[in-house]
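K.L.:
Let me see the structure of the following:
(chains A and B)
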Amino acid sequence: TQLLEQSPQFLSIQEGENLTVYCNSSSVFSSLQWYRQEPGEGPVLLVTVVTGGEVKKLKRLTFQFGDARKDSSLHITAAQPGDTGLYLCAGGKVGNTPLVFGKGTRLSVIA
Amino acid sequence: DTGVSQNPRHKITKRGQNVTFRCDPISEHNRLYWYRQTLGQGPEFLTYFQNEAQLEKSRLLSDRFSAERPKGSFSTLEIQRTEQGDSAMYLCASSYRTGGETQYFGPGTRLLVL
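P.N.:
Just a heads-up that it's a prediction; the model follows:
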């Protein structure tokens, strides 16, 4: 069974702080996707990384795919209350097979 | 392009009743996926289609669950004889087969079985 472990599960920080969320697996994935989900809504895609070692930036968010394509991280700089939500990582295999999701990291940014 | 849409957004039903959910994918996407998400968990795969063909079903999809995509466009997910354990958010996603693994999700249907 392919599993994605996310850490931490919960994170509560003050506005302006930096944070990093981790997504780890013993399996190799051809891609890693990060989503953000608000309560009662579906996941919204943030980024897809496909190359080992790849780094992508989306404003204050930096995503990295591990060299071996087994892990990924999401770093948020100067967090804002609008960053509050559930961050999910999901691994994909070649051929658009179903995604394997982690349990998510619930982030709360306090003003 | 309005993205993936799902209806209804919320459904409350009594145990033993049948329910049906609909998903309309992004128009040019030929793959459509159903996932289920319970509180505190990430989405779990249920089944997926390429065009009208159902290519894979998870062991989570008991015989009370059936999904169709008759014309390769919208899809329906039916749950017969609902149980309280079926209460969850049902998510639909779509992707384009040659567009990498990126899947785009709808807003979900939240089911509560009383």
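
K.L.:
CA only for contacts and neighbour counts going forward, please
P.N.:
Will do.

K.L.:
Now do the most centrally placed residue in chain B against chain A, distance only.
P.N.:
Centroid-nearest residue in chain B: B:Trp34, 3.3 Å away (criterion: Cα atoms, centre = their mean). B:Trp34 sits 9 Å away from chain A, going by Cα to the nearest Cα, to the nearest Å.

K.L.:
what sits opposite that residue in the beta ladder?
P.N.:
Assessed by DSSP bridges, B:Trp34 has beta-bridge partners B:Thr47, B:Cys92.

K.L.:
Give me the secondary structure label for B:Glu78.
P.N.:
strand (DSSP: H, G, I helix; E, B strand; the rest coil).

K.L.:
Isn't it up against B:Ser66?
P.N.:
Yes. Assessed by Cα atoms under 8 Å, B:Glu78 is found in contact with B:Ser66 at 5.3 Å.

K.L.:
related to what we said a few turns ago, so what's the residue nearest to the centre of chain B up against?
P.N.:
The neighbourhood of B:Trp34, defined by Cα atoms under 8 Å, 6 or more residues apart in numbering or on different chains, consists of B:Phe45, B:Leu46, B:Thr47, B:Tyr48, B:Tyr90, B:Leu91, B:Cys92, B:Ala93.

K.L.:
which one is A:Leu32 nearest to, not counting chain neighbours?
P.N.:
Closest residue in space to A:Leu32, ignoring its immediate chain neighbours: A:Gly91 at 4.6 Å, by Cα to Cα, 6 or more residues apart in numbering or on different chains.

K.L.:
isn't B:Ile79 right up against B:Glu68?
P.N.:
No. Counting by Cα under 8 Å, B:Ile79 stays clear of B:Glu68, with 11.9 Å between them.
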